[in-house]
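Participant: model this:
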Amino acid sequence: MDLSALSYQKFVHIALEETQRRTILTPLPSQEKLRSIKTKDDTTMLHGLSFSAPKIRLLRSLTVEGSQAMKVLDFAAFSKPEFDLPIFCANFFLNANLSIVVLDLNPLYDVTIQRDYKEKYYMKLMPLGQKYAETIQLLPWGGKITSESLRFFSPIVIWSMLNSSKYKHDVLFSAFMDYFQTWLELMDQAVEETDALKILRNCEAQHKYLTWRAEKDPGHPILKRLIGEKLARDLLRHFLFEGVDTLGTRTFLDYFPEYRCKDGSINQKRSIIGKSYETRPWDARGEFIGNEAG
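Facilitator: Residues are numbered from 1 along each chain as shown. The predicted model follows:
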């Protein structure tokens, strides 16, 4: 299909407008050099925006648009460590034939283990995930997903692969705004933590997530092709996953030792465990059934 009529700029602009209705956004210095980057083929532009707010450590977006070959949105919001809010995550890839969608409120802690965290944030949100992923099958489960990726997702994650169309693009916009407005409501309700140990735990949990994403993000090959390895790596570590070098000192292999090769390097595979899930591994109540479903 012709992609010229489809854009993710609307997603970004309206999300920022919604945020500004609730809090004060302060532009971060990192967006100045990344506000507009022309790719090596001279036909595509990368646009980056980044902000902080009283409860938000980093709210940032990256769009890749211009070329008719593809369009990309990477939009995320990270709370300050004084709050244990989930991480808002929207990763969308679109070409003439296919849309790949990941939309979630990524849990800061493993919800299959930390039941209190699941109860706090997700039990009331299950109808939101059902609205798009299950009830009317607008954004059905996209097929196999690895155990490694799954540990960073919540029971309301939307993971989908769709035929590209204007209708599906509009459905995705609706889901994006529903999820983001939900995150903003959680932010409004969030009470600042004062226990230093709990703040430290939140900081480390966010750092672990950032460390995984900076090393294993599936968008890295696309960025590398568009702007070269050096700038792509800089974009990952100092913009998309800013904080990976400042929120903690532990390395990728400290968090994920199973990826250590004999020579001490990092195994480049995305999956070491080898277990994947063909269908949604949570039931309608958010209970993990992946071990039964395989």
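
Participant: from now on I want contacts and neighbour counts done on CA atoms only, so please keep to that.
Facilitator: Fine.

Participant: give me the element Y117 is part of.
Facilitator: Assigned by DSSP states H and E, Y117 belongs to helix 115-121.

Participant: so D254 versus F152, what's the distance?
Facilitator: For D254, the distance to F152 equals 17 Å [C-alpha to C-alpha, to the nearest Å].

Participant: so for those two, which sits in the more crowded spot?
Facilitator: F152 (20 against 12; other C-alpha atoms under 10 Å).

Participant: element containing that one, please.
Facilitator: Using DSSP H and E, no helix or strand contains F152.

Participant: can you tell me which residues contact it?
Facilitator: By C-alpha atoms under 8 Å, 6 or more residues apart in numbering, F152 lies in contact with 106-108, 110, 209.

Participant: can you rerun that using 10 Å?
Facilitator: For F152, the contacting residues are 87, 104-111, 209, 212-213, by C-alpha atoms under 10 Å, 6 or more residues apart in numbering.

Participant: I'd like the residues you listed as a markdown table, with secondary structure appended.
Facilitator: Listed next are these as a markdown table, based on DSSP: H, G, I helix; E, B strand; the rest coil:
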| residue | secondary structure |
| --- | --- |
| I87 | strand |
| D104 | strand |
| L105 | strand |
| N106 | strand |
| P107 | coil |
| L108 | coil |
| Y109 | coil |
| D110 | coil |
| V111 | coil |
| Y209 | helix |
| W212 | helix |
| R213 | helix |
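
Participant: return a selection command, for use in ChimeraX, containing the buried ones of those.
Facilitator: The following ChimeraX line selects those of those that are buried, judged by 16 or more other C-alpha atoms under 10 Å:
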select :87,104,105,106,107,108,109,110,111,209,212,213
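
Participant: ok, the contacts of F152 vs R60, which is closest?
Facilitator: I87 (11.8 Å; C-alpha to C-alpha).

Participant: the closest one and L3, how far apart?
Facilitator: For I87 relative to L3 (C-alpha to C-alpha), the value is 29 Å.

Participant: stretch 81-90: how far from the chain's middle?
Facilitator: Put simply, stretch 81-90 sits 11 Å off its chain's centre (C-alpha atoms, centre = their mean, to the nearest Å).

Participant: I'd like the numbering to begin with 290 instead of 1 from here.
Facilitator: Happy to do that; since the first residue is 290 now, the last one works out to stretch 370-379.

Participant: CA atoms only: put it into PDB for me.
Facilitator: Listed next in PDB are the C-alpha coordinates belonging to stretch 370-379 (Å, rounded to 0.1, in the frame of the first residue of the first chain):
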ATOM      1  CA  PRO A 370      13.100   6.100  40.600                       C
ATOM      2  CA  GLU A 371      11.000   7.600  43.400                       C
ATOM      3  CA  PHE A 372       8.100   5.900  41.700                       C
ATOM      4  CA  ASP A 373       7.700   2.300  40.700                       C
ATOM      5  CA  LEU A 374       5.500   3.000  37.700                       C
ATOM      6  CA  PRO A 375       5.600   0.600  34.700                       C
ATOM      7  CA  ILE A 376       7.500   1.700  31.700                       C
ATOM      8  CA  PHE A 377       5.300   2.900  28.800                       C
ATOM      9  CA  CYS A 378       6.600   1.300  25.600                       C
ATOM     10  CA  ALA A 379       5.300   1.700  22.000                       C
END
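
Participant: which positions are bridged to L348 in the beta structure?
Facilitator: With DSSP bridges applied, the residues forming beta bridges to L348 are F340, A366.

Participant: so what's it up against?
Facilitator: Counting by C-alpha under 10 Å, 6+ apart, L348 has contacts 305, 308, 314-317, 338-342, 364-368, 377, 529.

Participant: just Y410 next, same as before
Facilitator: Taking C-alpha under 10 Å, 6+ apart, we find Y410 in contact with 373-375, 394, 396, 400, 443, 472, 475.

Participant: kindly report the same for L317.
Facilitator: 338-341, 347-349, 528.

Participant: pLDDT added to the residues you listed, as a markdown table?
Facilitator: Formatted as a markdown table, the contacts of L317 follow (pLDDT from 0 to 100):
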| residue | pLDDT |
| --- | --- |
| L338 | 96 |
| S339 | 96 |
| F340 | 97 |
| S341 | 98 |
| L347 | 98 |
| L348 | 98 |
| R349 | 97 |
| F528 | 94 |
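
Participant: pull out the buried members of those residues.
Facilitator: 338-341, 347-349, 528.

Participant: ranges for the helices of the stretch 440-583 of the chain?
Facilitator: For the stretch 440-583 of the chain, the helices defined by DSSP state H, counting those that start in this stretch cover 455-478, 485-505, 509-516, 518-524, 541-544, 579-582.
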